[in-house]
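Trainee: Need the 3D shape of this:
(2 chains)
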Amino acid sequence: MPMQAQLDRRAAVAALLKNRKDTLVVSGLGSPTYDLHSVGDHDGNFYLWGAMGGAALIGLGLAQAQPEKRVLALTGDGEQLMGIGGMATIGVARPRNLDIVVIDNQHFGETGMQASHTGRGVDLTAIAAACGFVGTATLRTLEEVERLARQLVEPSDGPRLFVIKVLAENPPRSLPSRDAVFIKNRFRAHLGFAAA
Amino acid sequence: MHPPQPNPEAHASDDWPSELYRILKAADVRQMSYVPDAGHSQLIRLFSADRDVTTNVLTTEEEGVAIAAGAWLGGQRSVLLMQSSGVGNCINMLSLSAIGRFPLLMLVTMRGEWAEFNPWQVPMSRATQPSLEAIGLKVMRAETAEDLVETVESAAALAYDSDQQIAVLIGQRLIGKKKW
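Mentor: Sure, this is the predicted structure:
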């Protein structure tokens, strides 16, 4: 019987991004987008409000375009499950600067807390390892997340995926702009690209 | 094994994949992603042999829509290759391109419309243009090699310079009958 997750998702994400340096972050729709915003809005954040399954792959395109920057796709178990084939694509592409962190509450939190696959035996870290990711781990404590945060800003030989098991609860929403054009242009300006 | 080379002397009618490669390179495309189609095979070989272009083979076509958005966020232009059956896989992910006004150029080889032997290709073939238009893409179409080259050149400018989301449908008549 797997142990019950105790970690608060907001505390986990705050610890994860405390020293993000110039890491670029793409967040998956629903709670990960609110979590990312709750830590503090940032020009290097791209928040998804839809396009379910796309967070890690937006991260891939970004990582390939910006090989000198670290890129983090911060998403949830439901979002990553929908983009599960993308783990094979990322494994083959083998970007050295892309990490996926799954904030895993084992539920579809946005739609009524229905149980997801990850609480029923599906292990995203095992899938990532089988796809050729060079680092994978499942984390359950704040101390482990703090260690991971230090690891994430260091160079890697290839993509990594980390699952952080968190309590299934919906903290108060922290809402970033839903204007994707604004967020896109702000993100690009942050990297030095002028708006057309 | 020699890497494939575009043939600068070839006429568009017999070597349109080389022409498309030349146009896309001139448009500064730096990423290409694809689910294979026989009609795209030469273009896939040309890009795959190009060290200045990052190439991603996809498990499903909508991954390429997301990759193209990420590439643009990072300052690079991307092109996505697929056959018409793959368009159906893309629809919800195209919300991202549409609502974010991300430049998007998809080159779609048509199946199920001309001398098609496989009836399973027909329903999605019929749905390709209406479903793309329903989600907000501009659809352009070419039936001859000359027209295709001009269309892709124009589509690339519209996509990358005017932030449009474009699918160019390449008629099955132009690709030719699948050999069995």
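Trainee: Okay, now the unreliable bits of the chain?
Mentor: No chain specified, so I'll use chain A. Across chain A, the ranges flagged by pLDDT under 70 are A:1-3, A:196.
Trainee: think we crossed wires, I meant chain B
Mentor: B:1-14, B:177-180.
Trainee: Strands of that one, residue ranges please.
Mentor: With DSSP state E as the criterion, chain B has strands at B:29-34, B:54-57, B:77-83, B:104-109, B:138-142, B:165-170.
Trainee: do chain A as well
Mentor: Taking DSSP E as the test, the strands found in chain A are A:24-27, A:45-47, A:71-76, A:98-104, A:107-108, A:114-115, A:135-139, A:160-165.
Trainee: Give the burial count for the residue nearest to residue A:84 when sequence neighbours are not counted, as a bare number.
Mentor: Using Cβ to Cβ, 6 or more residues apart in numbering or on different chains and skipping the chain neighbours, the partner closest in space to residue A:84 is residue A:127 (6.9 Å). The C-beta positions use only the backbone N, C-alpha and C, and glycine is treated the same way. Neighbour count of residue A:127, defined by other Cβ atoms under 10 Å in any protein chain shown: 18.
Trainee: wouldn't residue A:127 be in contact with residue A:87 here?
Mentor: Yes - Residue A:127 lies in contact with residue A:87 (Cβ atoms under 8 Å); the separation is 5.8 Å.
Trainee: Stretch B:38-58 near chain A at all?
Mentor: Yes - interface with chain A: stretch B:38-58 contributes B:54, B:56-58 (Cβ under 8 Å from any Cβ of the partner chain).
Trainee: which of those has the most neighbours?
Mentor: residue B:58 (27 neighbours).
Trainee: Let me see the contact set for it.
Mentor: Shown in contact with residue B:58 (Cβ atoms under 8 Å, 6 or more residues apart in numbering or on different chains): A:85, A:89, B:33-35, B:64, B:67.
Trainee: Count the neighbours of the nearest residue to residue B:135 once chain neighbours are set aside for me.
Mentor: Spatially, and ignoring its direct neighbours in sequence, residue B:135 is nearest to residue B:94 (4.6 Å; Cβ to Cβ, 6+ apart). Applying other Cβ under 10 Å, we find 24 residues neighbouring residue B:94.
Trainee: show me the contacts for residue B:94.
Mentor: Going by Cβ under 8 Å, 6+ apart, residue B:94 touches B:62, B:65, B:104, B:132, B:135-137, B:165.
Trainee: State the distance from residue B:103 to chain A.
Mentor: Separation of residue B:103 from chain A (Cβ to the nearest Cβ, to the nearest Å) stands at 9 Å.
Trainee: That residue against residue B:160, yeah?
Mentor: Yes - Residue B:103 is in contact with residue B:160 according to Cβ under 8 Å; the separation is 4.9 Å.
Trainee: overlap in contacts of the two?
Mentor: Joint contacts of residue B:103 and residue B:160 (Cβ under 8 Å, 6+ apart) are residue B:77.
Trainee: Please state the backbone phi and psi of residue A:44?
Mentor: phi -90, psi 20 (degrees, to the nearest 10).
Trainee: got it, and the one 4 residues further on?
Mentor: Phi and psi for residue A:48, reported as degrees, to the nearest 10, are phi -90, psi 140.
Trainee: What is the burial count for it?
Mentor: 28.
Trainee: cool, and residue A:138?
Mentor: Residue A:138 is flanked by 18 other residues according to other Cβ under 10 Å.
Trainee: Distance check, it against residue B:120.
Mentor: Distance of residue A:138 to residue B:120, given as Cβ to Cβ, to the nearest Å: 41 Å.
Trainee: in stretch B:160-170, what counts as buried?
Mentor: Using 16 or more other Cβ atoms under 10 Å in any protein chain shown as the test for burial, stretch B:160-170 gives B:160, B:163-170.
Trainee: do the same with stretch B:140-157
Mentor: Using 16+ other Cβ under 10 Å as the test for burial, stretch B:140-157 gives B:140, B:142-143, B:145, B:147-149, B:151-153, B:155-156.
Trainee: any idea which residue sits dead centre in chain A?
Mentor: The centre of chain A sits closest to residue A:74, judged by Cα atoms, centre = their mean, with a distance of 1.2 Å.
Trainee: residue boundaries of the helices in chain B?
Mentor: B:16-26, B:41-48, B:62-73, B:84-90, B:94-100, B:122-135, B:145-162, B:172-175 (DSSP state H).
Trainee: Sorry, slip of the keys, the one I care about is chain A.
Mentor: Counting by DSSP H, the helices of chain A are A:9-17, A:31-38, A:55-65, A:77-82, A:84-93, A:124-130, A:142-152, A:180-190.
Trainee: wait, does the shortest one make contact with chain B?
Mentor: No - figure legend: helix A:77-82 not in contact with chain B (Cβ under 8 Å from any Cβ); closest approach 9.5 Å.
Trainee: buried stuff in that helix?
Mentor: Quick answer for helix A:77-82 (16+ other Cβ under 10 Å): A:77-82.
Trainee: Can you pick out the most distant pair from the residues you listed?
Mentor: A:77 and A:82 (9.9 Å; Cβ to Cβ).
Trainee: need the residues of chain A near chain B, please.
Mentor: A:24, A:26, A:46, A:48, A:50-55, A:57-66, A:83, A:85-86, A:88-89, A:92-93, A:180-181, A:183-184, A:187-188, A:191-193, A:196.
Trainee: Nice, that's everything, thank you.
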